[in-house]
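A.B. asks: generate a structure from the sequence data that follows.
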Amino acid sequence: MSIPEGVKVVAVNRRARYDYSVDETFECGVVLLGTEVKSIKDGKVSFQDAFAEVRSGEVWLRNFHVAEYGFSSVFNHDPDRQKKLLLKAQEIKRVDRRVREKGYTLILLSIYLKRGLVKVELGLCKGKKQFDKRADIKARDVDRDLRRDFRGRSEA
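C.D. replies: This is a model prediction of the structure:
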């Protein structure tokens, strides 16, 4: 993801791009409580196993843990509650069709702040096989070696 100006990245799920091939990405708003927003701005989130599902025309985020806000009173939030994602109706229909296909799932890729609002990047992903992962690692190593060789030649 290229980071535009005015966007502060809170957290990135690097493991998702290793385990899944991302076909399409969506920017979603999230329905949050006040203490959840403050915790997210502090970076107190955990979402390694986070995924989204479409239920009755709405998209819900699951396994997204937002730690309780430390300076809050008794009116704190439940850290593991499901959060509703805000997408356009056409996007929800398209995502629902693709998720019903075999092997596709919605994975949380990153969380960021855009003009003070919490946004999440959701990816329409398909799981990678072990040989796909090895091929990606090999391609990355070859690319790194090539860049190292070119850098060494330009300095000489």
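
A.B. asks: how about the strands in this protein?
C.D. replies: 7-12, 20-30, 45-46, 51-55, 58-62, 65-66, 83-86, 104-114, 117-127 (DSSP state E).

A.B. asks: mean pLDDT for the ones you listed - can I get that in CSV?
C.D. replies: Shown next, in CSV, are the strands of the chain (pLDDT from 0 to 100):
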stretch, mean pLDDT
strand 7-12, 84
strand 20-30, 87
strand 45-46, 82
strand 51-55, 88
strand 58-62, 89
strand 65-66, 82
strand 83-86, 88
strand 104-114, 89
strand 117-127, 88
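
A.B. asks: which residue is nearest the centroid of the chain?
C.D. replies: Nearest to the mean C-alpha position of the chain, counting by C-alpha atoms, centre = their mean, stands Leu109 at 1.7 Å.

A.B. asks: ok, that one - contacts?
C.D. replies: Applying C-beta atoms under 8 Å, 6 or more residues apart in numbering to Leu109 gives the contacts Met1, Val12, Asn13, Ala16, Arg17, Val22, Thr25, Val120, Glu121, Leu122, Gly123. No exception for glycine: its C-beta is placed from N, CA and C like everyone else's.
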